[in-house]
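In: Predicted model and sequence follow; I will ask about them next.
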Amino acid sequence: MAILTYLTTTHFDFGAIQSLGAELARLGVKRALFVTDKGVRAAGLLERVQGVLPDGAGLPVFDDTPANPTEAATLLALARYRDEGCDGIVCLGGGSSMDLGKAVALLAVSGEPLAQYDPLKRGGKFVKGVAPLICIPTTAGTGSEVSVGTVIVMNDGRKLTIAEARLIPKVAICDPELTMGLPPLLTAATGMDAITHCIEAVLAPAINPPAEGVGLDGLYRGWRAIESAVANGATDRDARWQMMMASTEGAMAFVKGLGAVHSMSHAIGRRRDLNAHHGTLNAIILPTVLRFNAAHCAEKYARLRSAMGLAPDADLAKAVETMNAALGLPSGLAALGVTQDMIPDLVPYAIGDLAHYGNPVKASAEEYAQLYAQAL
Ligand SMILES: [Fe+2]
């Protein structure tokens, strides 16, 4: 069992969920609210995790997390937290449940409204504290269990990213056993999200060599494991372990920033008429943005190729397209219902997204429109 202490204390291995009781006690949490979704509950994972606690089955649960977490759902969960007299949160699920739980933990201590915490409006000054938070991922992709961020679709239709050091969960419990039953397409989509995090973090211009090292290691693991995790997910335990590590490392790395893949996918992900999966969007958009950035990132592209085990002259964008096809992911945004006439709606949201600022080349509105058209 490896215990990695970065900013979050991470319990990482098969069987890691056994550490939940001791960690709740260490944080002084007596009555945790479990934040999850109906799919995780139906898969039996909530029962399995609550089962490691003596009184687990009696703890309150919020399982109405939407596919893309919303401000409205966050407020419902917050009401549950208060009504039940909770003093901490256990998030169990993919990025949606973890992000929603993180937003509840923030509001529970620092108060409403959620919009005041927008980092682009210096919202950090309103953060007084965050309720104790333990995150247990059931997918390998988002890495939200160790990240500074939470992404919530606000009532006004934008997708707000709150990035704040105090939102980093105190404890992450990464147990690859919980991902063994993840279906192939979800494994592919979430896995490509992790790989995108590693790549965009390395390319982001902020100076943070340790984060780059972590991102390159995550890319090394994820790129080699993802095909088997998708094809043999129920049996290849090592591939599941490697994908979970790539996911955690991707989020450790993106403290440096993300880029235009994420600004573009967030702009689409906020649209409730599409309800597109975040990881699938990133996988599709990644080759287009890699081509857009290429002329400015020669040295870093060489390091990415090396981590991925590609030839020094390999075309990175092409390699991602080939991987997407091998994983059964769509090759264009049109397959997710995105149309040419939606582009004028998407562009301003991409420019207003926090990830826009981490791209190595600042894309203009015209360039974003072209990138969307190319990715269709
Ligand atoms: Fe992501």
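Out: Perfect, I can see it now. Residues are numbered from 1 along each chain as shown.
In: For the protein, which segments are assigned as helices?
Out: Listed in chain order, the helices of the chain (DSSP state H) span 20-27, 38-42, 45-50, 71-83, 95-110, 184-203, 209-231, 237-253, 260-269, 278-293, 298-308, 316-327, 343-351, 365-375.
In: what's the closest of those helices to residue 155?
Out: Nearest of those to residue 155, taken as CB to CB: helix 71-83 at 5.0 Å. No exception for glycine: its C-beta is placed from N, CA and C like everyone else's.
In: Report the rounded mean pLDDT for that closest one.
Out: On average, the pLDDT along helix 71-83 is 98.
In: mind starting the numbering at 18 from now?
Out: Done: numbering now begins at 18, and the last item shifts to helix 88-100.
In: Buried residues, that helix. List them.
Out: 88, 90, 91, 92, 93, 94, 95, 97, 98 (16 or more other CB atoms under 10 Å).
In: what do you get for stretch 362-372?
Out: 363, 364, 366, 367, 368, 370, 371, 372.
In: roughly how far out does it sit from the chain middle?
Out: 18 Å (CA atoms, centre = their mean, to the nearest Å).
In: hmm, back to that, name the nearest of the buried residues of stretch 362-372 relative to residue 257.
Out: Relative to residue 257, the closest of those is residue 372; by CB to CB it sits at 27.6 Å.
In: isn't the closest one right next to residue 286, touching?
Out: No. The criterion here is CB atoms under 8 Å, and residue 372 misses it with residue 286 at 11.6 Å.
In: coming back round to it: how about the helices of the chain, which one is nearest residue 141?
Out: That would be helix 112-127 among the helices of the chain, by CB to CB, at 10.4 Å.
In: what angle separates that closest one from helix 295-310?
Out: With axes from the mean of the first three to the mean of the last three CA atoms, to 10 degrees applied, the angle from helix 112-127 to helix 295-310 works out at 100 degrees.
In: how distant is helix 112-127 from the center of its chain?
Out: Centroid separation for helix 112-127 versus its chain: 14 Å, with CA atoms, centre = their mean.
In: Which positions within that helix qualify as buried?
Out: Judged by neighbour count using 16+ other CB under 10 Å, the buried positions of helix 112-127 are 112-125, 127.
In: from the residues you listed, which single one is nearest residue 171?
Out: Distances from residue 171 to these, taken by CB to CB, are shortest for residue 120, at 10.6 Å.
In: show me what contacts the closest residue to the closest one other than its chain neighbours?
Out: Of all residues not flanking residue 120 in the chain, residue 91 sits nearest, at 4.6 Å (CB to CB, 6 or more residues apart in numbering). Each residue near residue 91 by CB atoms under 8 Å, 6 or more residues apart in numbering is listed here: 117, 120, 121, 124, 131, 169.
In: For those, give me a markdown table that also has pLDDT and distance to residue 52.
Out: A markdown table is the format used below for those (pLDDT from 0 to 100; distance: CB to CB, whole Å):
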| residue | pLDDT | distance to residue 52 |
| --- | --- | --- |
| 117 | 97 | 6 |
| 120 | 97 | 10 |
| 121 | 98 | 7 |
| 124 | 97 | 12 |
| 131 | 95 | 15 |
| 169 | 93 | 13 |
